[in-house]
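J.: predicted model and sequence below, questions to follow.
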Protein chains: 2
Amino acid sequence: MIREHRFTFGKFISQVHLQKQLPQADDIFQDEPAFRSILISDTHTEAVALRIRQNHDIPLCVLSGGEAAKGWPAVERILAAAKTGGLGRDGLFIAVGGGVVSDLAAFGASIFMRGCKLCIVSTTLLGMVDAALGGKTGFDLFGIKNLAGTFYPARHIYLPLETLTTLPREEWKSGMAELIKTALLDDGEMGKALRVLGTGFSRGDLLPEYEELLFELISASVKIKGRIVEADPQETGTERALLNWGHTFAHALESSAGLGTISHGEAVAWGLVRSCELGHHIGITPKERAMDIIDLVRSFGYEITTPHPKMGDKAIFMKALWGDKKQKAGKLRFVIPMAQSVQIIQDDLIEDRFLPPLINGEYAL
Amino acid sequence: MIREHRFTFGKFISQVHLQKQLPQADDIFQDEPAFRSILISDTHTEAVALRIRQNHDIPLCVLSGGEAAKGWPAVERILAAAKTGGLGRDGLFIAVGGGVVSDLAAFGASIFMRGCKLCIVSTTLLGMVDAALGGKTGFDLFGIKNLAGTFYPARHIYLPLETLTTLPREEWKSGMAELIKTALLDDGEMGKALRVLGTGFSRGDLLPEYEELLFELISASVKIKGRIVEADPQETGTERALLNWGHTFAHALESSAGLGTISHGEAVAWGLVRSCELGHHIGITPKERAMDIIDLVRSFGYEITTPHPKMGDKAIFMKALWGDKKQKAGKLRFVIPMAQSVQIIQDDLIEDRFLPPLINGEYAL
């Protein structure tokens, strides 16, 4: 059970290795030879990193886990480990963890001596279907998610399904929202497969029973995301913005609730539902399509009502919405579902007239 | 008196405007329209930044000057100003100052929302002939110069000669070393022109008397550097490494003396002389060529003896040499002059056998 995907993001090449087993240091060095390297994990993935390391003499930098740790001090710790480890420009950073670890380690790799080598071993569903692929790196600053970051795709990305067997249910939910989002960008069979997964998830754990289905869904999701990023690696066009479906709302919700209070997936799922309501209200999203999406999101047990119970003050939410880094020429962008695909809307009317009632729950379907 | 150069560095295009006068905000916005922008200066260039700003409502972020300020806190202040100023991804950072300001502002621009627009108004000779052009950004960390950074060329680079009229003599010396280095990479007429400048400099100020010669030398230097960087934008090949002539020694000297104690130019000039001595000793540099370079360096009044009076402990110097970011596959690189051009040497023998006597002054010419 192994599948390889290869993508070209501008001048970078990323190879994705979707597999059942955890890779070992020897496997990684075979793919990416390096004179010196460091491992970066958080407290949750320290044991996994040690299993990867085997008997190699590779320094391990263990970060505290969670979104709250995603700041400059963590980046500085990574850079200090690289310096102490004697890495040069041809040194290799090996990130072992979910999105927070890979975003931080990848940012560190992108700025250490102006860029060294990077491999990611993704250990969460969210990491596998989203964070690890596509080159976005970053950390939170002044309470804004990923306010600082770079584009720096990893050379090799390992997605070992076995690491998901111990993943807490909350982490599954966090990743599933991105999987749903990416799957819905494609007009294929993924919607059906996701419904099967939703039913399974409502009954209990997905592994080992749904392993094969999960493998195929992750593979399909990687392929969809990879193709979109290939078309627009640095989000200068509009293709890549499609991946931000639900995210304008999600980032504002995460900020207003306090970073780390709500999982990214919870926020994205909530944002997807808002985009359906908004799209329906402004006459772009057919009701049937909106309900399909909302039902799918609901089947995974996400909180989808608005205002979200953890949203906090609405004024702070609106301000966070405005401060969101997606703002372009002073306007907010929304990805809105249509009957088959999605479209990007950027309109003063939405901001001024539609957002307040939407957030008050007046457009609920 | 205006000259334009245009370079393509990978996917970036940099336009250099060498001119007599300071550009105004209106000029900059004509070259680079922006919805929102910030100015970044240090305390030395605050007045210049205000002259550029005119009556525009552009927030100004004033950093403390000097190499000692070139750390993460300064980057964070710049990012905070951009956030407060409401800049989006299409926001514009306008750096006004020498290499420290432009390196910091350019780094900030490269990571703010994963990259926004950047223009540089270079106000020092060092900035004009080196730092402002070529996309290297960065800041000092753990006592190592530019340990963290990115490649992020500015869209427009203004080199207004009038800002040099108030430049302190020490700053002239700092820039002149890079001008000498770049000029010597080219087998043209620049060597002669530099000798004229050296004689003038030993007598007093270069402006206004040598303005035209200076204009031509800066223009030639920009062209040489630009062409080298075009051939190897991110220093993955060897072309760009040529620009590091003297720098392996220089960075170690700066580090061992304590960052900010010796100007970058003082250190580079000292490093150029070391490369001549080393090259002569290992039989690569003809004595005549070595003496020509050393005489030229000496004519500008640089301290060229070794050990350098400010070098500090030799063991620390050697350790700093090793920690230098130029190390590749665990070996140090040296640029060594030949009869006509230069070559890059990477050899264990140099490190193990030749460096200690070289630093002790045993190879003095």
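T.: Arrived safely. Residues are numbered from 1 along each chain as shown, chains lettered A, B, ... in the order given.

J.: residue contacts, residue A:5?
T.: Residues in contact with residue A:5 (Cβ atoms under 8 Å, 6 or more residues apart in numbering or on different chains) are A:15, A:16, A:18, A:219, A:222, A:223, A:226. Every C-beta, even on glycine, is put in place using the N, C-alpha and C of the backbone.

J.: give me the secondary structure label for the last one.
T.: Using DSSP: H, G, I helix; E, B strand; the rest coil, the secondary structure recorded for residue A:226 is helix.

J.: and the spatially most distant residue from the centre of chain A, how far from residue A:24?
T.: The C-alpha centroid of chain A is most remote from residue A:55, which lies 31.6 Å away (Cα atoms, centre = their mean). Distance from residue A:55 to residue A:24, counting by Cβ to Cβ, to the nearest Å: 10 Å.

J.: and the stretch 51-200 of chain A, which of its residues are near chain B?
T.: Proximity of the stretch 51-200 of chain A to chain B (Cβ under 8 Å from any Cβ of the partner chain) is limited to residues A:72, A:76, A:79-80, A:83, A:86, A:88-90, A:110-115, A:136-138, A:141-142, A:144, A:146-151.

J.: out of these, which are buried?
T.: Neighbour counting by 16 or more other Cβ atoms under 10 Å in any protein chain shown classes A:72, A:79, A:83, A:88-90, A:110-115, A:136-138, A:141, A:144, A:146-151 among these as buried.

J.: these in strands, which ones?
T.: A:141, A:144, A:146, A:147, A:148 (DSSP state E).

J.: distance to residue A:235 added to these, as a markdown table?
T.: Formatted as a markdown table, those follow (distance: Cβ to Cβ, whole Å):
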| residue | distance to residue A:235 |
| --- | --- |
| A:141 | 19 |
| A:144 | 17 |
| A:146 | 12 |
| A:147 | 15 |
| A:148 | 15 |
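
J.: return the item of these having minimum pLDDT.
T.: For these, the model is least confident at residue A:144; its pLDDT is 86.

J.: from residue B:34, how far off is that residue?
T.: 21 Å.

J.: equivalent analysis for residue A:309, please.
T.: Where residue B:34 is concerned, residue A:309 sits at a distance of 40 Å (Cβ to Cβ).

J.: tell me which of these two has more neighbours.
T.: residue B:34 (20 against 10; other Cβ atoms under 10 Å in any protein chain shown).

J.: and whichever strand or helix holds residue A:52, how far from the chain's centre?
T.: Here residue A:52 sits within helix A:46-53, counting by DSSP states H and E. Distance of helix A:46-53 from the chain centroid (Cα atoms, centre = their mean, to the nearest Å) equals 22 Å.

J.: helices or strands up against it?
T.: helix A:25-31, strand A:37-42, strand A:60-63, strand A:92-97 (3 or more Cβ pairs under 8 Å, 6 or more residues apart in numbering or on different chains; DSSP states H and E).

J.: average pLDDT for the last one?
T.: Taken as a whole, strand A:92-97 has an average pLDDT of 98.

J.: my read is residue A:308 is in a strand, agree?
T.: No - according to three-state DSSP, residue A:308 belongs to no strand; its state is coil.

J.: that one touches residue A:269, doesn't it?
T.: No - with contact defined as Cβ atoms under 8 Å, residue A:308 does not reach residue A:269; the gap is 10.4 Å.

J.: good, wrapping up.
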